[in-house]
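*Asks:* 3D, please:
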Amino acid sequence: MYKDILTAPFLQEMCDTTANLYRLGWDERNGGNISYLLSEEEVKKYLDIAHVERTVPIGFDATALIGKYFIVTGSGKYFKNVKSKPAESLGVIRIAADGRSYELLWGFEDGGVATSELPTHLMNHIQRLEVDPNHRIIMHCHATHVIGMTFTHSLDEVAFTKTLWEMCTECIVVFPDGVGIIPWMVPGTDAIGKASAFKMKDMRLVIWPHHGIFGAGTTMDETFGLIETAEKAAQVYTIVCAQGGKKQTITDQQLQDLADAFGVTPREGILN
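*Replies:* All right, here's what the predicted structure looks like:
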């Protein structure tokens with residue numbers, strides 16, 4: 001006897017997180033997407049893993065993830081509706097044996113499919129799993145102030161990281177690996193996925209200029225908090241600029257003192 005999937009912690013996390021992202025204005029309309037790597041043990045408490053609703057092409061060679069399970073947001077689905085319509089807005093999928101398609105085990109009841117950014121998500125899952133075997137989450141959203149900052153700040157990722165670290169004391173502690181920045185690219189392509197995954201070798205936050213941010217983490221809370229912290233720093237930057245710019249800041253030595261106090265190693269080449 002299977003438990004009701006609507007009570008599954010991983011589904012409730014997806015519902016709560018998408019609702020929060022929409023509430024904060026970071027996922028307007030069908031903007032943004034999330035994929036959550038699940039274990040077979042988690043899934044088979046709620047679903048018959050031998051029963052496949054349908055098989056859908058991925059358009060990308062995900063051989064490295066064959067047999068892996070994910071719960072993902074759907075293409076064209078509005079985050080504001082996930083909580084009230086989870087079976088239409090979300091899907092539990094398994095990467096098929098050919099590595100080029102996924103098997104739908106639950107969800108997307110109106111004939112929907114996984115987010116168009118699925119190849120990008122999978123590329124980044126592959127990359128992060130090589131770095132961190134406990135990795136589970138890829139989250140993309142349109143964090144308002146981060147996007148705004150990409151219009152007014154240098155897109156040099158060293159300078160961008162340094163500015164974010166200076167804006168809030170906690171930033172260097174939360175993302176000591178800094179942020180990656182790729183050039184503006186058309187979303188939903190292999191090119192943007194590969195560029196993001198290349199950055200994900202060394203960091204968990206990648207900014208898409210004039211578009212949004214990609215975050216990776218081991219839990220939903222960690223990943224949300226990572227993006228939330230960068231967005232808060234970008235908001236402070238916006239306020240500082242509006243007030244006429246910096247008159248003082250957290251010094252490099254103070255940032256290093258913070259890192260030492262919290263046992264983190266700042267990305268090389270940012271602090272003098």
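*Asks:* mind checking the SS state of I213?
*Replies:* Following DSSP: H, G, I helix; E, B strand; the rest coil, I213 is assigned to strand.
*Asks:* Can you list the residue ranges for strands in the stretch 101-250 of the chain?
*Replies:* In the stretch 101-250 of the chain, the segments counted as strands under DSSP state E, counting those that start in this stretch are 101-107, 137-141, 180-181, 205-208, 212-217.
*Asks:* Report all helices and strands that the fourth one contacts.
*Replies:* The one in question is strand 205-208. strand 180-181, helix 190-199, strand 212-217, helix 220-242 (3 or more CB pairs under 8 Å, 6 or more residues apart in numbering; DSSP states H and E). Placement of C-beta: from N, CA and C, glycine included.
*Asks:* Could you give the number of residues near the residue nearest to L104 when sequence neighbours are not counted?
*Replies:* Of all residues not flanking L104 in the chain, E53 sits nearest, at 4.5 Å (CB to CB, 6 or more residues apart in numbering). Using other CB atoms under 10 Å, E53 is surrounded by 15 other residues.
*Asks:* For C241, find the nearest of the strands of the stretch 101-250 of the chain.
*Replies:* Smallest distance to C241 across the strands of the stretch 101-250 of the chain (CB to CB): 17.5 Å, for strand 205-208.
*Asks:* quick one: buried residues of that closest one?
*Replies:* Residues L205, V206, I207, W208 are the ones in strand 205-208 that count as buried (16 or more other CB atoms under 10 Å).
*Asks:* roughly how far is it from the heart of the chain?
*Replies:* Distance, stretch centre to chain centre, for strand 205-208: 9 Å (CA atoms, centre = their mean, to the nearest Å).
*Asks:* what's the answer for stretch 190-206, then?
*Replies:* Using CA atoms, centre = their mean, the offset of stretch 190-206 from its chain centre is 11 Å.
*Asks:* returning to that earlier point: list the contacts of the residue nearest to L104.
*Replies:* E53 sits next to E103, L104, L105, W106 when contact means CB atoms under 8 Å, 6 or more residues apart in numbering.
*Asks:* V113 versus that one, what's the distance?
*Replies:* Counting by CB to CB, to the nearest Å, the separation of E53 from V113 is 11 Å.
*Asks:* count of neighbours near the closest residue to K68 other than its chain neighbours?
*Replies:* Nearest non-adjacent residue to K68, counting by CB to CB, 6+ apart: I95, 5.2 Å away. Per other CB under 10 Å, the neighbour tally for I95 reads 22.
*Asks:* What backbone torsions are found at I95?
*Replies:* Main-chain torsions, I95, degrees, to the nearest 10: phi -70, psi 120.
*Asks:* In the sheet, which residues pair with it? Tell me.
*Replies:* Beta-bridge partners of I95, counted by DSSP bridges, are Y102.
*Asks:* where in the stretch 1-150 of the chain is pLDDT low?
*Replies:* Scanning the stretch 1-150 of the chain for pLDDT under 70 picks out no residues.
*Asks:* mind checking which helix or strand Y36 is in?
*Replies:* Element membership for Y36 (DSSP states H and E) is strand 33-38.
*Asks:* what's the domain layout of the chain?
*Replies:* 1-116, 117-272 (automatic domain parsing).
*Asks:* if we can go back for a sec, most packed of the strands of the stretch 101-250 of the chain?
*Replies:* Compared across the strands of the stretch 101-250 of the chain, strand 137-141 shows the largest average neighbour count, a mean of 28 (mean count of other CB atoms under 10 Å).
*Asks:* For it, give me every contacting residue.
*Replies:* 17, 21, 26-27, 31-37, 117, 120-121, 124-125, 128, 212-220, 222-224, 227.
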